[in-house]
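# here is the input, now give the coordinates:
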Amino acid sequence: VSLIDLPKEGEMELRLVGAATFLKVPALTRILASIPDGATVHVPLNNLSYIDHACLELLEEWGRANASKGSKLLIESRGLKRRLEGRVRTNIGIGASG
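Residues are numbered from 1 along each chain as shown. Have a look, this model is predicted:
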């Protein structure tokens, strides 16, 4: 879990890698608390294989709670359902080469 400043002022990227499960909630909570008011936070899912309900609810709750402070949370919706259900295709598995 990492937070990256984007070139456009006031925009950040919350980068989640691998599986975002309840075990990452404390780290995710600390990072979300460090985001300044009024920031636009992009959450791309391309490095994420799985997200559980605890992490997704934490993100959504942060977005709701901080909207009144001018913050925006933009979670990439493409592929979210598959990642929530754990059905993301990977190159690792039965019959995979390498």
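# the chain: helices as residue ranges?
For the chain, the helices defined by DSSP state H cover 25-33, 53-67, 80-85.
# could I get those helices as CSV with mean neighbour count?
Using the backbone N, CA and C atoms, a C-beta is placed for each residue, glycine as well. Formatted as CSV, the helices of the chain follow (neighbours: other C-beta atoms under 10 Å):
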stretch, mean neighbour count
helix 25-33, 14
helix 53-67, 15
helix 80-85, 14
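# turn these into CSV, columns for mean pLDDT and distance to Gly18.
Shown next, in CSV, are these (pLDDT from 0 to 100; distance: least, C-beta to C-beta, whole Å):
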stretch, mean pLDDT, distance to Gly18
helix 25-33, 98, 12
helix 53-67, 96, 12
helix 80-85, 82, 11
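# want to throw those into a markdown table with distance to Met12?
Formatted as a markdown table, these follow (distance: least, C-beta to C-beta, whole Å):
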| stretch | distance to Met12 |
| --- | --- |
| helix 25-33 | 10 |
| helix 53-67 | 12 |
| helix 80-85 | 19 |
